[in-house]
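Q: take this sequence and fold it.
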Amino acid sequence: METTQVEFSVGGTGGLMPIRYKLRASNQRRFPRVANDDMVEFSEFPHTCMRGRQIGRLRTMSPGGFGIDADEPARPGCLLRLQVYFPSLLCGSGSPQPDGSPVVLLGKVVHCDQLPGGSWLIGVALIPDAGDHHVLGTVYHRIRQVELKRQIPA
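A: Residues are numbered from 1 along each chain as shown. Model prediction:
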């Protein structure tokens, strides 16, 4: 397994906080993917590889990562700060968070492929945040909602 350490400033404090995580080889999947169409805003973290903020759609998702359909490419290896707007299928609000805010995640671009029509498919491996366990729980919850919705006849 590849281990990557990233150092960056957090909250303008000027201090460096190391992040350590492991990624599997590109041909191995830890979780099955689910087709989806939720909105995601993303930007490079810290800002060096991409132009500003982009808006895209989640094509696929799993607890391990997302496939994002975007207008511009992202360089493999870049870290992305993702703001995902998961609509709640159960209560009808714009987000599963009680205050309506997006779910914020950190991910690493593992591939970026141009699609027919000129858009880009950006594969992002999520980086679990040990201090914020509810975020990955929210991703699991959204996947379950999507699966349940597909089982209900129209």
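Q: only C-alpha atoms from now on, for both contacts and neighbour counts.
A: Will do.
Q: what packs against the longest strand seen in the chain?
A: Of all the segments of type strand in the chain, defined by DSSP state E, the longest one is strand 103-114. Using 3 or more C-alpha pairs under 8 Å, 6 or more residues apart in numbering; DSSP states H and E as the contact criterion, the secondary-structure elements in contact with strand 103-114 are strand 79-85, strand 120-126, helix 133-151.
Q: winner for burial among the ones you listed?
A: strand 120-126 (a mean of 23; mean count of other C-alpha atoms under 10 Å).
Q: strand partners of that strand, parallel vs antiparallel please.
A: For strand 120-126, the paired strands and their directions (DSSP bridges) read strand 65-70 (antiparallel), strand 103-114 (antiparallel).
Q: got the CA coordinates for that strand in PDB?
A: Listed next in PDB are the C-alpha coordinates belonging to strand 120-126 (Å, rounded to 0.1, in the frame of the first residue of the first chain):
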ATOM      1  CA  TRP A 120     -14.100  15.300 -17.100                       C
ATOM      2  CA  LEU A 121     -14.600  12.400 -14.800                       C
ATOM      3  CA  ILE A 122     -12.500  13.000 -11.600                       C
ATOM      4  CA  GLY A 123     -11.900  10.000  -9.400                       C
ATOM      5  CA  VAL A 124     -11.500  11.100  -5.800                       C
ATOM      6  CA  ALA A 125     -10.400   8.800  -2.900                       C
ATOM      7  CA  LEU A 126     -11.800  10.200   0.400                       C
END
